[in-house]
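> No sequence on hand, only this structure:
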DNA sequence: ACCTGAACACCGTTCAAGT
DNA sequence: ACCTGAACACCGTTCAAGT
């Protein structure tokens, strides 16, 4: 039997293993002991490559943020922001633990470089098409949609292991006569009334087009200032 | 000295104490041992009134959901949904731990009655003004804004104890020449360029007005179907 | 320089034992 | 019926000790 030639432990290898574990078994399964085990090492060894667990989580988030697309300057501001938002959503869906981390950062006293660079880019592109006031609120609307929709979507996700329970509960709790709208809505979800990818883009377009309309001075769009 | 006449422990008293603790010290400070201590009882006693910690968290969330306003039938669908969304946002802000719970429920196999009733109401009101297809996506856009914006807002919250660190880091990380837009944006936040309550309503109005426009067959609003 | 074992202060939860 | 003490199987993290 071949002797297992263990590769030397590095911060990068620790991060990758942690991401793989979180992707597979969920972020709640990621413990220092379990991660060490996965790497064939005692948990305490990890502290040679990572300051602590928060540092580990921060590092994992950083990798995911780098997976998000930043279109070049040739693209129109609205299309560019749309592309970025869609790729951000996709990255968060690939790593279901990441959006949670992005929105409730383990250590509030650290901001990642990549986060600031993305923010700067988004603000610059918004400014290409909108006034100061709309840029300010537009960033909030855009960012909150990216993370908010993703989290909301995850909370409604039906995973393979709870689909049976949910189906049974569904019939018990949503009787068609008592909750007709909800029954219909859930039915629409199950019959593919709208695909999941389009749901994200639907809200995204409401925001982007709404912003553009406001900039054009559309009086029909009422927003207090 | 007066003998402390301890009120009998009930599920309700446990829930209230847990909420008070989470409101004060954050959800991460809420442990069964700490909660028992707060109630003058051993942690194990709590299991007589609560099935387990997930049940406790579910109960806490339920109380918060009941704090959200459901306007009567006299109100126009758009105004009614707006009022509900604003009151939901306010409830989540009063209990900063609740939105996290709503969006990543501790036990996925349980849906709260109040959640279904609210969903039914929202769908009915949306249907008062919109077509089937818009109701379907409209609910997603609305719900994801309520929880998503709140979570996003919380992640950017500056609390009293980290304001010093952030101010220092701010100057170090956002040099005006390197990140001019971000610098300006953060400055706008600090000088009250837009108040926080309006930020939520800004995005809310983009969604509600956008939905209405789509229903009126506005060709300028491009959304794939 | 990196890894380890033992230890510390925490968790949620069970269960037999008390009243 | 309700509360408790001891215990179990977990956490993150420290630190002296090994190589």
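Happy to help now that I have it. Every value quoted in this text rests on a predicted model; they were computed, and no experiment measured them.
> Going toward the C-terminus from the lowest-mean-pLDDT helix or strand in chain A, what's the next helix or strand?
Every helix and strand of chain A was ranked by mean pLDDT, DSSP states H and E. The lowest is helix A:163-173, at a mean of 64. Per DSSP states H and E, the first helix or strand lying C-terminal to helix A:163-173 is helix A:180-190.
> list the buried ones in that next one?
Across helix A:180-190, burial judged by 16 or more other C-beta atoms under 10 Å in any protein chain shown covers A:181-186, A:189. The C-beta positions use only the backbone N, C-alpha and C, and glycine is treated the same way.
> quick check: mean pLDDT across the helix or strand following that helix?
Later in the chain than helix A:180-190, the nearest helix or strand by DSSP H and E is helix A:196-215. Mean pLDDT, helix A:196-215: 90.
> quick revisit: tell me the one of the buried residues of helix A:180-190 nearest chain B?
Sorting the buried residues of helix A:180-190 by how near they are to chain B, with C-beta to the nearest C-beta, puts residue A:181 at the top with 3.5 Å.
> any idea how far residue A:175 is from the closest one?
12 Å (C-beta to C-beta, to the nearest Å).
> any common contacting residues for the two?
By C-beta atoms under 8 Å, 6 or more residues apart in numbering or on different chains, residue A:181 and residue A:175 have no common neighbours.
> Establish whether the helix ranked longest in chain A and chain B are in contact.
Scanning chain A for the longest helix, with DSSP state H as the assignment, gives helix A:132-155. Yes: with C-beta under 8 Å from any C-beta of the partner chain as the measure, helix A:132-155 is seen reaching chain B through A:133, A:135-137, A:139-141, A:143-145, A:147-149, A:151-155.
> Tell me who's in contact with residue A:119.
Counting by C-beta under 8 Å, 6+ apart, residue A:119 makes contact with A:139, B:179, B:181-182, B:185.
> Out of those residues, which two sit at the greatest distance?
For the contacts of residue A:119, the farthest-apart pair by C-beta to C-beta is A:139 and B:179; their separation is 13.5 Å.
> Next, count neighbours for the residue in chain A positioned nearest to chain B.
In chain A, the residue found nearest to chain B is residue A:148; the distance is 1.1 Å by C-beta to the nearest C-beta. Per other C-beta atoms under 10 Å in any protein chain shown, the neighbour tally for residue A:148 reads 28.
> Just give the nearest non-adjacent residue to it, would you?
Nearest non-adjacent residue to residue A:148, counting by C-beta to C-beta, 6 or more residues apart in numbering or on different chains: residue B:148, 1.1 Å away.
> pretty sure that neighbour contacts residue A:143?
No: using C-beta atoms under 8 Å, residue B:148 makes no contact with residue A:143, being 9.2 Å away.
> gap between residue A:148 and DNA strand D?
Distance, residue A:148 to DNA strand D, by C-beta to the nearest atom of the strand, to the nearest Å: 27 Å.
> check contacts around that residue.
Shown in contact with residue A:148 (C-beta under 8 Å, 6+ apart): B:144-145, B:147-149, B:151-152.
> what pLDDT does it get?
Listed pLDDT for residue A:148 reads 92.
> Over to residue A:9?
Predicted confidence (pLDDT) for residue A:9: 91.
> What separation is there between it and residue A:131?
Computed as C-beta to C-beta, the residue A:9 to residue A:131 distance reads 52 Å.
> The two - which one has more neighbours?
Taking neighbours as other C-beta under 10 Å, residue A:9 and residue A:131 compare with residue A:9 leading, 17 against 13.
> my guess is that one meets residue A:42, correct?
No: using C-beta under 8 Å, residue A:9 makes no contact with residue A:42, being 11.0 Å away.
> Tell me which two in the buried residues of helix A:180-190 are the farthest apart.
Largest separation among these by C-beta to C-beta: A:181 and A:189, giving 12.9 Å.
> what about the nearest residue to residue A:141 once chain neighbours are set aside, neighbour count?
Leaving aside its sequence neighbours, residue A:141 sits nearest to residue B:203 (C-beta to C-beta, 6+ apart; 4.1 Å). The tally of other residues near residue B:203 (other C-beta under 10 Å) stands at 29.
> before we move on, what about residue A:25?
11.
> Low-confidence stretches in chain A?
By pLDDT under 70, the low-scoring segments of chain A are A:1-6, A:107-109, A:158-172, A:195-197, A:218-225.
> and it, which residues reach DNA strand C?
By C-beta under 7 Å from any atom of the strand, the residues of chain A that approach DNA strand C are A:8-9, A:41-42, A:44-45, A:48-49.
> Please repeat the previous calculation with a cut-off of 6 Å.
With the criterion set to C-beta under 6 Å from any atom of the strand, chain A comes near DNA strand C through A:9, A:41-42, A:44-45, A:48.
> Need the max-distance pair from those.
A:9 and A:44 (12.1 Å).
> Residue A:211 and residue B:126, how far apart?
Separation of residue A:211 from residue B:126 (C-beta to C-beta): 22 Å.
> contacting residues for the residue nearest to residue A:111 when sequence neighbours are not counted?
The shortest distance from residue A:111 to any non-neighbouring residue, by C-beta to C-beta, 6+ apart, is to residue B:173 (6.2 Å). Residues counted as contacts of residue B:173 (C-beta under 8 Å, 6+ apart) are A:111, A:113, A:116, B:179.
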